[in-house]
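J.: Please work out how this folds:
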Amino acid sequence: MPAHADLTGADLHESKGVASASANTVYVANGSGSGSWTKVTSSAIDTTTIFTANKESYFIYIDAVGTAKSRLIPMTKTCTVTKVTGVIDGAVTSADETITVKDEGGNSLGTIAFTTALATTKGYQNSLTPVSFNTFTAGDWLEIATAGNSGGTDGIMFRIDVTVTA
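T.: Below is the predicted model:
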(Lines give C-alpha, C1' and ligand atoms only; values in the text may rest on other atoms or scores of the structure.)
Protein backbone atom coordinates (compact mmCIF):
# COMPACT_ATOMS: atom_id res chain seq x y z
CA MET A 1 0.00 0.00 0.00
CA PRO A 2 1.44 3.44 -0.91
CA ALA A 3 2.24 6.06 1.73
CA HIS A 4 -0.59 8.49 2.45
CA ALA A 5 1.36 11.33 0.85
CA ASP A 6 1.64 9.33 -2.38
CA LEU A 7 -2.08 8.63 -2.91
CA THR A 8 -3.54 9.64 -6.29
CA GLY A 9 -6.82 9.45 -8.23
CA ALA A 10 -9.49 7.14 -6.76
CA ASP A 11 -7.34 6.56 -3.63
CA LEU A 12 -7.73 10.20 -2.58
CA HIS A 13 -10.37 10.99 0.03
CA GLU A 14 -12.32 13.93 1.39
CA SER A 15 -11.14 15.86 4.44
CA LYS A 16 -11.92 14.55 7.91
CA GLY A 17 -15.48 15.44 8.97
CA VAL A 18 -16.71 16.48 5.52
CA ALA A 19 -19.64 14.04 5.71
CA SER A 20 -21.21 16.00 8.58
CA ALA A 21 -20.12 19.50 7.47
CA SER A 22 -22.84 22.02 6.62
CA ALA A 23 -23.12 23.29 3.05
CA ASN A 24 -21.00 26.32 2.12
CA THR A 25 -18.52 25.86 4.96
CA VAL A 26 -14.76 25.45 4.96
CA TYR A 27 -12.39 23.73 7.36
CA VAL A 28 -10.57 26.33 9.44
CA ALA A 29 -7.48 25.20 11.33
CA ASN A 30 -7.11 26.50 14.87
CA GLY A 31 -3.30 26.38 14.89
CA SER A 32 -3.16 23.53 17.42
CA GLY A 33 -3.55 20.60 15.04
CA SER A 34 -7.33 20.68 14.92
CA GLY A 35 -10.11 22.89 13.59
CA SER A 36 -13.75 23.02 12.62
CA TRP A 37 -16.09 23.43 9.65
CA THR A 38 -17.41 26.98 9.59
CA LYS A 39 -18.69 29.74 7.34
CA VAL A 40 -16.02 32.29 6.48
CA THR A 41 -16.84 35.85 7.51
CA SER A 42 -15.25 38.90 5.92
CA SER A 43 -13.36 39.62 9.14
CA ALA A 44 -11.64 36.22 8.83
CA ILE A 45 -10.20 37.01 5.38
CA ASP A 46 -6.77 38.58 5.05
CA THR A 47 -7.57 41.27 2.49
CA THR A 48 -4.20 43.02 2.54
CA THR A 49 -3.25 41.63 -0.85
CA ILE A 50 -6.60 41.92 -2.63
CA PHE A 51 -7.64 45.53 -2.06
CA THR A 52 -5.71 46.76 -5.09
CA ALA A 53 -5.91 43.62 -7.21
CA ASN A 54 -8.33 45.16 -9.73
CA LYS A 55 -7.43 48.83 -9.23
CA GLU A 56 -5.48 50.89 -11.72
CA SER A 57 -4.76 54.54 -12.37
CA TYR A 58 -4.29 56.53 -15.56
CA PHE A 59 -2.39 59.83 -15.57
CA ILE A 60 -2.63 62.83 -17.87
CA TYR A 61 -1.04 66.29 -17.65
CA ILE A 62 -2.63 69.40 -19.09
CA ASP A 63 -0.28 72.36 -19.35
CA ALA A 64 -1.41 75.99 -19.30
CA VAL A 65 -4.76 75.21 -17.74
CA GLY A 66 -5.88 78.76 -18.45
CA THR A 67 -6.13 77.93 -22.14
CA ALA A 68 -9.20 75.96 -23.22
CA LYS A 69 -8.12 72.51 -24.34
CA SER A 70 -8.97 68.87 -23.93
CA ARG A 71 -7.04 65.65 -23.67
CA LEU A 72 -8.22 62.12 -24.46
CA ILE A 73 -7.18 59.19 -22.30
CA PRO A 74 -7.46 55.72 -23.87
CA MET A 75 -9.10 53.25 -21.50
CA THR A 76 -7.10 50.10 -22.07
CA LYS A 77 -9.33 47.86 -19.96
CA THR A 78 -13.04 47.43 -19.32
CA CYS A 79 -13.49 49.40 -16.11
CA THR A 80 -15.46 51.78 -13.91
CA VAL A 81 -13.97 55.21 -13.20
CA THR A 82 -14.15 55.66 -9.43
CA LYS A 83 -12.36 58.98 -8.97
CA VAL A 84 -10.65 61.74 -10.95
CA THR A 85 -8.19 63.88 -8.99
CA GLY A 86 -6.31 66.95 -10.19
CA VAL A 87 -3.35 68.69 -8.57
CA ILE A 88 -2.31 72.12 -9.84
CA ASP A 89 1.26 73.35 -10.39
CA GLY A 90 0.50 76.86 -9.15
CA ALA A 91 -2.30 79.15 -8.04
CA VAL A 92 -5.52 80.05 -9.84
CA THR A 93 -5.59 83.84 -9.54
CA SER A 94 -7.64 85.61 -12.22
CA ALA A 95 -10.82 83.49 -12.50
CA ASP A 96 -12.18 80.12 -11.40
CA GLU A 97 -11.25 77.18 -13.62
CA THR A 98 -13.70 74.37 -14.33
CA ILE A 99 -12.53 70.99 -15.55
CA THR A 100 -15.11 68.78 -17.29
CA VAL A 101 -14.74 65.01 -17.51
CA LYS A 102 -16.68 63.23 -20.28
CA ASP A 103 -17.05 59.83 -21.86
CA GLU A 104 -16.49 59.42 -25.61
CA GLY A 105 -20.22 59.95 -26.22
CA GLY A 106 -19.93 63.46 -24.76
CA ASN A 107 -21.75 62.54 -21.53
CA SER A 108 -20.45 64.35 -18.47
CA LEU A 109 -19.08 62.37 -15.54
CA GLY A 110 -18.99 65.70 -13.67
CA THR A 111 -16.74 68.68 -13.13
CA ILE A 112 -13.81 69.63 -10.92
CA ALA A 113 -13.49 73.23 -9.77
CA PHE A 114 -10.23 75.05 -9.16
CA THR A 115 -11.38 78.34 -7.65
CA THR A 116 -9.48 81.53 -6.88
CA ALA A 117 -10.66 81.16 -3.27
CA LEU A 118 -9.26 77.65 -2.76
CA ALA A 119 -6.61 76.93 -5.39
CA THR A 120 -4.25 79.58 -4.04
CA THR A 121 -1.06 77.52 -3.84
CA LYS A 122 0.93 74.98 -5.76
CA GLY A 123 -0.24 71.47 -4.88
CA TYR A 124 -3.93 72.25 -4.36
CA GLN A 125 -6.01 69.17 -5.16
CA ASN A 126 -9.65 68.65 -5.96
CA SER A 127 -11.49 65.59 -7.17
CA LEU A 128 -14.62 64.15 -8.68
CA THR A 129 -16.31 60.88 -7.73
CA PRO A 130 -18.53 60.12 -10.74
CA VAL A 131 -21.79 58.20 -10.34
CA SER A 132 -22.98 58.09 -13.94
CA PHE A 133 -21.45 57.58 -17.40
CA ASN A 134 -18.39 56.15 -15.64
CA THR A 135 -18.26 52.65 -17.16
CA PHE A 136 -15.91 52.03 -20.06
CA THR A 137 -15.11 49.18 -22.40
CA ALA A 138 -11.49 48.52 -23.37
CA GLY A 139 -10.79 50.78 -26.35
CA ASP A 140 -13.10 53.60 -25.22
CA TRP A 141 -11.64 56.93 -24.22
CA LEU A 142 -12.20 59.51 -21.49
CA GLU A 143 -11.94 63.24 -22.11
CA ILE A 144 -10.70 65.87 -19.67
CA ALA A 145 -11.28 69.46 -20.79
CA THR A 146 -10.34 72.82 -19.32
CA ALA A 147 -12.60 75.82 -19.81
CA GLY A 148 -9.68 78.25 -20.10
CA ASN A 149 -11.27 80.79 -17.75
CA SER A 150 -8.35 81.33 -15.39
CA GLY A 151 -5.89 82.57 -18.00
CA GLY A 152 -3.13 80.89 -15.99
CA THR A 153 -0.03 79.21 -17.36
CA ASP A 154 0.25 76.54 -14.68
CA GLY A 155 -0.64 72.94 -15.45
CA ILE A 156 -2.71 70.28 -13.72
CA MET A 157 -1.80 66.61 -13.35
CA PHE A 158 -4.82 64.30 -13.32
CA ARG A 159 -5.05 60.80 -11.88
CA ILE A 160 -8.00 58.71 -13.07
CA ASP A 161 -8.64 55.83 -10.65
CA VAL A 162 -10.51 52.84 -12.06
CA THR A 163 -11.76 49.44 -10.98
CA VAL A 164 -11.11 46.89 -13.71
CA THR A 165 -14.30 44.91 -14.31
CA ALA A 166 -13.28 42.48 -17.06
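J.: alpha carbons only for contacts and neighbour counts from here, please
T.: Fine.
J.: Who are the packing partners of the lowest-mean-pLDDT helix or strand in the chain?
T.: Least confident helix or strand of the chain, by mean pLDDT, DSSP states H and E, is strand 26-29 with a mean of 85. Other elements packing on strand 26-29 under the criterion 3 or more C-alpha pairs under 8 Å, 6 or more residues apart in numbering; DSSP states H and E are strand 35-38.
J.: What is the subsequent helix or strand relative to the strand it packs on?
T.: Scanning forward in sequence from strand 35-38 by DSSP states H and E, the next helix or strand is strand 55-62.
J.: Next, the angle strand 55-62 makes with the very next helix or strand once past that following strand.
T.: On the C-terminal side of strand 55-62, the closest following helix or strand by DSSP H and E is strand 69-74. Counting by axes from the mean of the first three to the mean of the last three C-alpha atoms, to 10 degrees, strand 69-74 lies at 150 degrees to strand 55-62.
J.: Now do strand 69-74: distance to the chain's middle.
T.: In this view, strand 69-74 has its centroid 19 Å away from the chain centroid, taken as C-alpha atoms, centre = their mean, to the nearest Å.
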